[in-house]
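S.K.: Everything below, folded, please.
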Amino acid sequence: MSNYSEDILRRIRIAIKPWEAEIIEKRMFGGTCFLYKGKMSVGETKERLMVRVVSEKMERALNNPEVLPMDFTGKPMKEFIFVSEKGFDTEEKLQQWVELGIEHAILKSS
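M.R.: Residues are numbered from 1 along each chain as shown. The predicted structure follows:
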């Protein structure tokens, strides 16, 4: 894993601190994911963020030029997006993506 990927993971760990008691870090999707109460919320792969987004917010997320639907098989995965590095180049932007991923896990586990 490149130093840059490690830096992204370090930044995610800081952003996810408010929820750390409920977070598990796990290797999946070719990268490292952070699961909130067992539900994948956010992660890093190939120097991009992976974020799980509630369906009601997908259209808005996909309108961001730094966002693409997440797809590993040629078919987009439901409620998953990739965010290019420019889309989380500040801690504020990263925090927004982390919170979006946590929101998905909270809403889907209730």
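S.K.: Name the residues linked to residue 23 by a beta bridge.
M.R.: Beta bridges link residue 23 to residue 36 when assigned by DSSP bridges.
S.K.: quick one: contacts for it?
M.R.: By C-beta atoms under 8 Å, 6 or more residues apart in numbering, the residues touching residue 23 are 16, 34, 35, 36. All C-beta spots, glycine's among them, are computed from the backbone N, C-alpha and C.
S.K.: The last one and residue 103 touch, don't they?
M.R.: So the one you mean is residue 36. No - contact status for residue 36 versus residue 103: not in contact, 9.6 Å apart, counting by C-beta atoms under 8 Å.
S.K.: related to what we said a few turns ago, for residue 58, state which of the contacts of residue 23 is nearest.
M.R.: For those, the residue nearest residue 58 by C-beta to C-beta is residue 36; the value is 18.6 Å.
S.K.: need the helices for the protein, in chain order.
M.R.: For the chain, helices defined by DSSP state H occupy the ranges 3-15, 55-62, 91-109.
S.K.: So which of those is the most surrounded?
M.R.: Scoring these by mean neighbour count under mean count of other C-beta atoms under 10 Å gives helix 91-109 as the most buried, with a mean of 18.
S.K.: Extract the C-alpha trace of that one and format it as CSV.
M.R.: Extracted C-alpha coordinates of helix 91-109, given in CSV (Å, rounded to 0.1, in the frame of the first residue of the first chain):
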residue,chain,number,x,y,z
GLU,A,91,-10.6,17.8,6.3
GLU,A,92,-14.0,19.4,6.0
LYS,A,93,-14.8,17.6,2.7
LEU,A,94,-13.5,14.3,4.1
GLN,A,95,-15.6,14.8,7.3
GLN,A,96,-18.8,15.3,5.1
TRP,A,97,-18.2,12.1,3.3
VAL,A,98,-17.5,10.2,6.5
GLU,A,99,-20.7,11.5,8.0
LEU,A,100,-22.6,10.5,4.9
GLY,A,101,-21.3,7.0,5.2
ILE,A,102,-22.1,6.8,9.0
GLU,A,103,-25.6,8.2,8.3
HIS,A,104,-26.2,5.2,5.9
ALA,A,105,-25.2,2.7,8.5
ILE,A,106,-27.3,4.4,11.2
LEU,A,107,-30.4,4.5,9.0
LYS,A,108,-30.0,1.0,7.7
SER,A,109,-29.5,-0.5,11.1
